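> Provide a 3D model corresponding to the input given below.
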Amino acid sequence: MEQIRSKAGFICDMDGVLYHGNYLLPGASEFVEWLQRENKKFLFLTNSSERSPRELQLKLARMGIEVDESHFYTSALATASFLARQTPRGSAYIIGETGLVKALYDVGFSMNDVNPDYVVVGETRSYS
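Numbers count the residues shown, from 1 in each chain. The predicted structure is shown next:
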């Protein structure tokens, strides 16, 4: 256990690690408090593109965990960063939720359903 405690930073998944659905998992709150108390660097990483970092921050806050928005990184942010390097100020047709749309807007992408540079498919409740 001391080897884990001695680490300078932590990257942690969220769903199934900190919470399951809308329920906080046992020990999650204590773990985050420990990270903060020990001034550990940490990042909550998720493969979900559905929510923005702010939305994830608010979700944890509703469960009693207060963490700054800067501690969240989503697959939507990774996608937006990658596409912005490939085609700065490009266009995309997006099939996905708010987190993905916002991430692409924030890097300067425009949304276009006529001859877009990219078609980006993320997590959504409305596949048909």
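> helices and strands of the protein: which one bottoms out on pLDDT?
Least confident element among the helices and strands of the chain, by mean pLDDT, DSSP states H and E: helix 2-5 (a mean of 85).
> Would you mark the buried spots in it?
With burial defined by 16 or more other Cβ atoms under 10 Å, not one residue of helix 2-5 is counted as buried. (Glycine included, C-beta is placed from N, CA and C.)
> Pull out the buried positions in the very next helix or strand once past that helix.
Toward the C-terminus, helix 2-5 is succeeded by strand 9-12 as the next helix or strand (DSSP states H and E). Residues Cys12 are the ones in strand 9-12 that count as buried (16+ other Cβ under 10 Å).
> Quick check: mean pLDDT of the next helix or strand after strand 9-12?
In the C-terminal direction, the helix or strand that comes right after strand 9-12 (DSSP H and E) is strand 19-20. The predicted model assigns strand 19-20 a mean pLDDT of 96.
> for strand 19-20, packing partners?
Applying 3 or more Cβ pairs under 8 Å, 6 or more residues apart in numbering; DSSP states H and E, one finds that strand 19-20 contacts no other helix or strand.
> can you start the count at 54 instead of 1 from here on
With 54 as the first residue, the last one maps to strand 72-73.
> Contacts for that strand next, please.
Leu78, Ala81, Lys112, Leu113, Met116 (Cβ atoms under 8 Å, 6 or more residues apart in numbering).
> ok, Ser163 - contacts?
Contacts here follow Cβ under 8 Å, 6+ apart; on that basis Ser163 touches Arg142, Gly143, Ser144, Ala145.
> Verify the stated contact: the first one with Phe162.
Yes - counting by Cβ atoms under 8 Å, a contact exists between Arg142 and Phe162, whose distance comes to 7.1 Å.
> And the two? Which one has more around it.
Neighbours per residue (other Cβ atoms under 10 Å) separate Arg142 from Phe162, with Phe162 holding more: 24 against 10.
> Tell me the spacing between that one and Leu78.
As judged by Cβ to Cβ, to the nearest Å, Phe162 and Leu78 stand 35 Å apart.
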